[in-house]
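S.K.: Would you be able to build a 3D model of this:
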Amino acid sequence: MKLKDVKNLKQIKVLGKTYKITWYCDDTPADDGRMGYTDMRTSRIYLYQPLTNDSAAEVLVHEVLHILNETLQVDLAESDMVRLGSGVTAFLLDNGVLP
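M.R.: Numbers count the residues shown, from 1 in each chain. Predicted structure coming up:
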């Protein structure tokens, strides 16, 4: 699988469940500086539209880690997910899965 342009994604599947992706274009990211967030109740991932494709990929991976963390009850801290997200994104880029 190769994702040509993360910013064209409308939905993804995580552990068999479909999550719709909403790109938001407010003047600023979320009040707390987030560039993305996931609403588990509605199965929707929100990503900040002005991000570059590479940054959007990293934020999407980070949000997927939140989904896995909650669904699998792993109980990772936010700082763990930030580091893992960077590592997983680098792995995907290095192996041509992400552009």
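
S.K.: Buried ones in the top strand by length along the chain, by neighbour count?
M.R.: For the chain, the strand with the greatest residue count under DSSP state E is strand 17-24. For strand 17-24, the buried set under the neighbour-count rule, 16 or more other CB atoms under 10 Å, comprises 19, 21, 23. Glycine gets a C-beta too; all of them are placed from N, C-alpha and C.

S.K.: isn't the second one right up against residue 9?
M.R.: Yes - in this structure, residue 21 sits in contact with residue 9. The criterion is CB atoms under 8 Å, and the distance is 5.2 Å.

S.K.: Are there residues contacting both of these two? Which ones?
M.R.: With contacts taken as CB atoms under 8 Å, 6 or more residues apart in numbering, the residues that reach both residue 21 and residue 9 are residue 60.

S.K.: can you list contacts of the longest strand of the chain?
M.R.: By CB under 8 Å, 6+ apart, the residues outside strand 17-24 that reach it are 7, 9-13, 38, 43-49, 60, 67, 71.

S.K.: Nearest to residue 33, out of the buried residues of strand 17-24: which one, please.
M.R.: residue 23 (17.7 Å; CB to CB).

S.K.: Quick check: beta-bridge partners of that closest one?
M.R.: Bridge pairing for residue 23 (DSSP bridges) gives the partners residue 47.
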